[in-house]
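Asker: Have a look at this fold, sequence not included:
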Ligand SMILES: [Zn+2]
Ligand SMILES: [Zn+2]
């Protein structure tokens, strides 16, 4: 069976891009990735976008984008899995290669969050969660995070400030990443003092609204002959509860635990083998829940571990050297594609921000909402 | 490499379903397909929906549906390709089987078109076409069809009534199909007299607005051991021009010709081998364009061929025995899944409507808009 | 789209969810789920019954939403809590309580309340919210 | 979402498309495309230039939209045509013409017109439409 290799990456800085349309951003990232791979065209285009369906409203997006970027005649498809759409696209691209249908796949992740006022965008972001359940009460994405964060602080008796080291760590990495949206350091003590969004969640606990696009060329290893930044070793995913509070323990992400178990079964992976990870820290509490669901930190100890430097760049695994959703930014449907582009560059020794020497295994983790779906992609140095 | 086989089908009659939500419709179709396949669960759920993204607005749809139907913990993904979403989902499911990732995949196509007033729905349907181009002028889906239909009538000197045999033929089939929306016969002469939507397009030239869901279980043939209705022999697809008028000949569907060529290269298919087809007759003119793009009718002769009975049920290929988009109905993101369910039942000898004896090869054809994307799926009797 | 834009049929379909606390109970594994689904989210069984769980519960966690989405922005802060009723956790708005009175562990009870906004479709929307159970003075002393 | 709901940045970005007939011309294959794209849809080349094609053209086909989508319903019938300008086909609304005067093959010219609706964002929207080229009486006789 063929192996999938990342042979090209294209990353746009996450930011407000009023002068560019969704398709313009997609084109820019796609051209970069194609240039890097040395290809003019591909067999298949896989588009990942999510919020744009409610914001921009273009249907049949992958065909329209393919035509716009001069690839008329290729095959194409768009995939959607809310916040986890990006890794879903990488998963589909990988299986297209493995099934022998395509030798070269262009993956484009793109979303625009600054097309409308932030109030409208927060409203649309609610649809990541189950709209049957949560639309009426206006709970929103941050509201769900607030409920979980207070549960966490109460149960484990965690002081607010202990949770503030995560955002500060993320900003310290983003400062060095030219493609990050928030390229400045913050003091952990500033987190508590920033605007309260959904108490105890503050503005600095949450991701910024930005536009973004990232692209990958993923190729059959037999065709790419030794070229490329990283191998895609395995993809795993699982669905979970639409409502985290339906789980026995709302602070454990059932779908993530299930997807991770599948990945271990597929690959024999041990977490200690991983050099570098990108995890889905949509809010500070989401990062804590992921670290504890994976068993990297014990229950109730993730915040303290972060504060004590357990996840610094010199530890293994190093986490979110990009700055994470928190500070690199989180252009919803594009984020997973950013993760794979960044980790591939990290493994290939060409990442532009804080980088590791000799990293050989990398893991990307995404979650929609608080666990309706989780996805993992394991990469290995080429 | 593993082969993909349709082992279960679930079809809901297309109609106005005010009392059922999108997820309720998905559940009902999914349960039918699972029952027929004899399975309790699957490895992967692939959801196809399109208009619902703008109408209902639920993101991360496949995880939410999987949880709702009691399949929490399976893997899932949603795909979108406008009107061609259904065949896109079948394509992804097939490649999941071929890549060895899944042995049993549940494909659910679902869309609700009666959740809002028809004015709102027509507005949202515009987004199938390139919104950069066509939103301003309110051209709409029917408007594009009107431009093409007049071009066709003018160029080939076709009288209006000659084009009316298509809708009448579709109604004659739908009358016999218990899952069709419009189960009554019409006189060809009634088409011209019905409400003018986008002159020369009348109401009877266009598809009715209905809610629908259809589901398939697609299995690895080695696992299903001789069970099942039909083999999925090949899937082909291509992108094309976002605007049909950018093509040298707007009346030829470039993406369809390209996808069809790929299918021939893959399989050595000859159109004369096909016993039965389902084609994407969103409007009468779309059907004519498809018949001529495939070379089944000569340029400008499709309407006459239809009027002369060339595509009756006794001819080969027999076309749209379901009643087609025109009369079975066209619940946008679900339609392609209906096609595969109907054709599989036709090949398996259990189709409920007008049926053929000993059909052994079937072809499903979808187009988004007027050709931004086209998709084909070739089926063979088990 | 927001709840204000929900169609009339969608409002009608959700009436059990919005106006009454009706949950699904699985006859196979015995677990409750809310809102009712066609299959048990825990064991997949379709052998289910509907039950009304209109009882008081305990506030397990809460949040105070200052940055409410879209058209609700005007009525911030909105207090939302997770109420545990016999092991089933319901996410719901809280009412008749001020932010400074909030405390996890308090008893709360369901009450049907008009939502602050109407839709432009002429629907007056009501929904279940939870309020603190008032402790009678005598009991408080006892 | 409809064009009325388009954001201010989206309107601004589309100004060349809405207010001027600016097309892309491929320096490699020579073909025109509209609206301009970052790569030639015919040959994929990125070696492109913008050109204004503010010329008259021929009406190649048209439709009369009676069932206009959404908020435009009030201004039906809307006449839309395909105008062929030097081989480039533009899909555009027609103006200053009645349904019964429509005929394929007539000469039409672009004109900037206010659209009938405004957005609730305070934007007055204009767009290129096409109208029949008026033939001077003398020429008509000659
Ligand atoms: Zn159960
Ligand atoms: Zn060119």
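Answerer: Structure received. Predicted model, so just to flag it, every value in this text is computed and none were measured. Ligands and ions are numbered 1, 2, ... in the order given.

Asker: got any ranges where chain A has weak pLDDT?
Answerer: A:1, A:134-137 (pLDDT under 70).

Asker: Name the residue of it that lies nearest to ligand 1.
Answerer: Of all residues in chain A, the one sitting closest to ligand 1 is residue A:246 (12.1 Å; Cβ to the ion). C-beta coordinates here come from the backbone N, C-alpha and C atoms, glycine included.

Asker: Please name the residues that touch that residue.
Answerer: Residues in contact with residue A:246 (Cβ atoms under 8 Å, 6 or more residues apart in numbering or on different chains) are C:33-34, C:41, C:89.

Asker: Just say helix, strand or coil for residue C:81.
Answerer: strand (DSSP: H, G, I helix; E, B strand; the rest coil).

Asker: per-residue pLDDT, residue C:135?
Answerer: Model confidence at residue C:135, expressed as pLDDT, equals 74.

Asker: In three-state terms, label it for me.
Answerer: Assignment for residue C:135 (three-state DSSP): coil.

Asker: Identify the residues contacting residue 65.
Answerer: Here I'm looking at chain A. A:23, A:26-27, A:30, A:45, A:47, A:76, A:108, A:110.

Asker: right idea, wrong chain: chain C
Answerer: A:138-140, A:142-143, A:146, A:197-199, C:76-80.

Asker: Quick one: the helices in chain C, in order.
Answerer: C:8-13, C:15-19, C:137-141 (DSSP state H).

Asker: and those, which one is worst for confidence?
Answerer: Minimum mean pLDDT among those: helix C:137-141, a mean of 53.

Asker: distance of the spatially most central residue of chain A from residue D:23?
Answerer: Of all residues in chain A, the one closest to the mean position by Cα atoms, centre = their mean is residue A:336, 3.5 Å from it. According to Cβ to Cβ, to the nearest Å, residue A:336 stands 36 Å off from residue D:23.

Asker: of the contacts of residue C:65, list those near ligand 2.
Answerer: By Cβ under 5 Å from the ion, no member of the contacts of residue C:65 lies near ligand 2.

Asker: Kindly reformat these as CSV containing distance to residue B:369.
Answerer: Below are the contacts of residue C:65 laid out as CSV (distance: Cβ to Cβ, whole Å):
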residue, distance to residue B:369
A:138, 36
A:139, 37
A:140, 34
A:142, 37
A:143, 38
A:146, 42
A:197, 40
A:198, 41
A:199, 47
C:76, 42
C:77, 46
C:78, 41
C:79, 47
C:80, 42
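
Asker: from the contacts of residue A:246, which is closest to chain B?
Answerer: residue C:41 (5.5 Å; Cβ to the nearest Cβ).

Asker: quick one, what contacts the closest one?
Answerer: A:241, A:246, B:67-68, B:70, B:72, C:33.

Asker: Between which two of the residues you listed is the distance greatest?
Answerer: The span of the contacts of residue C:41, defined through Cβ to Cβ, is set by A:246 and B:70 at 12.7 Å.

Asker: Close to ligand 1: what parts of chain C are there?
Answerer: C:26, C:28-29, C:40, C:42-43, C:45.

Asker: Give me the residue at the spatial middle of chain C.
Answerer: Judging by Cα atoms, centre = their mean, chain C has its centre closest to residue C:92, at 3.4 Å.

Asker: just checking, it touches residue C:113?
Answerer: No. Counting by Cβ atoms under 8 Å, residue C:113 is not a contact partner of residue C:92; they are 10.5 Å apart.

Asker: Which neighbours do the two have in common?
Answerer: C:128-129.

Asker: Just send the contacts of residue C:65 back as JSON lines, with distance to residue A:319 and neighbour count too.
Answerer: Shown next, in JSON lines, are the contacts of residue C:65 (distance: Cβ to Cβ, whole Å; neighbours: other Cβ atoms under 10 Å in any protein chain shown):
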{"residue": "A:138", "distance to residue A:319": "32", "neighbour count": "27"}
{"residue": "A:139", "distance to residue A:319": "28", "neighbour count": "26"}
{"residue": "A:140", "distance to residue A:319": "26", "neighbour count": "28"}
{"residue": "A:142", "distance to residue A:319": "22", "neighbour count": "29"}
{"residue": "A:143", "distance to residue A:319": "26", "neighbour count": "30"}
{"residue": "A:146", "distance to residue A:319": "23", "neighbour count": "29"}
{"residue": "A:197", "distance to residue A:319": "24", "neighbour count": "26"}
{"residue": "A:198", "distance to residue A:319": "24", "neighbour count": "30"}
{"residue": "A:199", "distance to residue A:319": "27", "neighbour count": "20"}
{"residue": "C:76", "distance to residue A:319": "34", "neighbour count": "15"}
{"residue": "C:77", "distance to residue A:319": "33", "neighbour count": "16"}
{"residue": "C:78", "distance to residue A:319": "33", "neighbour count": "24"}
{"residue": "C:79", "distance to residue A:319": "34", "neighbour count": "22"}
{"residue": "C:80", "distance to residue A:319": "30", "neighbour count": "27"}
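
Asker: So which bits of chain A are right by chain C?
Answerer: A:54, A:119-120, A:122-123, A:125-127, A:132-140, A:142-143, A:146-151, A:154, A:195-201, A:241, A:243, A:245-246, A:250 (Cβ under 8 Å from any Cβ of the partner chain).

Asker: can you rerun that using 6 Å?
Answerer: For chain A, the contact set with chain C under Cβ under 6 Å from any Cβ of the partner chain comprises A:119, A:122-123, A:126, A:135-140, A:143, A:146-147, A:150-151, A:154, A:196-199, A:245.

Asker: Looking at those, which are in helices?
Answerer: Counting by DSSP H, those contribute A:119, A:122-123, A:140, A:143, A:146-147, A:150-151, A:154 to helices.

Asker: May I ask you to confirm that the residue nearest to the centre of chain A belongs to a helix?
Answerer: Yes. Judged by three-state DSSP, residue A:336 forms part of a helix.

Asker: Go ahead and confirm it touches residue A:87.
Answerer: Yes. Counting by Cβ atoms under 6 Å, residue A:336 touches residue A:87, with 3.8 Å between them.
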